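Enquirer: predicted coordinates and the sequence they were generated for:
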Amino acid sequence: MKQDLTAPVITIDGPSGAGKGSITQLVAKKLGYDLLDSGALYRLTALAAIKVGVALDDEDKVAELAASLDVAFVPGEYGEPVNVLLNGEDVTNEIRTESCGTHASKVAPLVKVRAALLQRQRDFQQLPGLVADGRDMGTIVFPNAPVKVYMTASAEERAERRYRQLKEKGEDVKIATLLSEIQERDARDTGRKTAPLKPADDAVMLDTTGLSIDEVLNKVLDLIK
Ligand code: DC
């Protein structure tokens, strides 16, 4: 479906692990809006490249894949992640791994890949409204969004949150490794030339360090009001 410019958009940007994903889902649920997990598109692009044996730095080929991705997002139950299908195959868990995140951060700086994904992301703007989560939602994809949030948290706290999530899933990880991966990914996301991670001029800054999910949710809902 084509983008509906009359539909309201709430953008939630920030670094990995700031809690954007959970908050985006809860806000979307609360308002009955659709949700765009833009990071999933970069993860899917990287996964698609790996599956067909395209090198992650082959910009033209990766961009071609990004333009032709056959993706479906199937909403989950309350609090459950959205199920993600690539060519009809359920890749929900596969795209959530640390290695897929690292691969995604390698294709994300490629200009042609970002261009290939731009309109696809904008077409998620539909009535009754959209909550969009990513790095450049407020700056590039939806610059006219009436509500823009930029969520941060200290790298240490983000590493701890990620550690708890992965432990729950039974993955064996070290917190120090997660911390250095988060710091490397932050550096790649903020340091790249195309669409670097930065708050939009009109974004509201929200530091979630030490806050519970409910506290963050209430702050975001207050902003929307
Ligand atoms: O939010 P995430 O961890 O799923 O994102 C995966 C990678 O994709 C991360 O390195 C940043 C990149 N990304 C991006 O460049 N632009 C977006 N709008 C969303 C994610």
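Expert: Cool, got the structure.
Enquirer: what is the helix or strand of the chain with the lowest mean pLDDT packed up against?
Expert: Least confident helix or strand, the chain: strand 71-74 with a mean of 86, by mean pLDDT, DSSP states H and E. Contacts defined by 3 or more CB pairs under 8 Å, 6 or more residues apart in numbering; DSSP states H and E place strand 71-74 against helix 38-52, strand 83-86. For glycine as for every other residue, the C-beta is placed from the backbone atoms N, C-alpha and C.
Enquirer: residue contacts, residue 36?
Expert: If you count contacts by CB atoms under 8 Å, 6 or more residues apart in numbering, residue 36 has them with 121, 124, 130-134, 137.
Enquirer: again, but for residue 32
Expert: For residue 32, the contact set (CB under 8 Å, 6+ apart) comprises 128-129.
Enquirer: what parts of the protein come near the ligand?
Expert: 16, 38-39, 42-43, 101, 104-105, 108, 134-136, 185, 189 (CB under 6 Å from any ligand atom).
Enquirer: tally of neighbours for the residue of the chain found nearest the ligand?
Expert: Using CB to the nearest ligand atom, the point where the chain gets nearest to the ligand is residue 39, with a distance of 2.3 Å. Residues contacting residue 39 under the criterion other CB atoms under 10 Å number 19.
Enquirer: once you drop chain neighbours, what's closest to it?
Expert: residue 134 (5.9 Å; CB to CB, 6 or more residues apart in numbering).
Enquirer: before we move on, the earlier item: where among the helices and strands packed on strand 71-74 is average confidence lowest?
Expert: For the helices and strands packed on strand 71-74, mean pLDDT drops lowest on strand 83-86, to a mean of 92.
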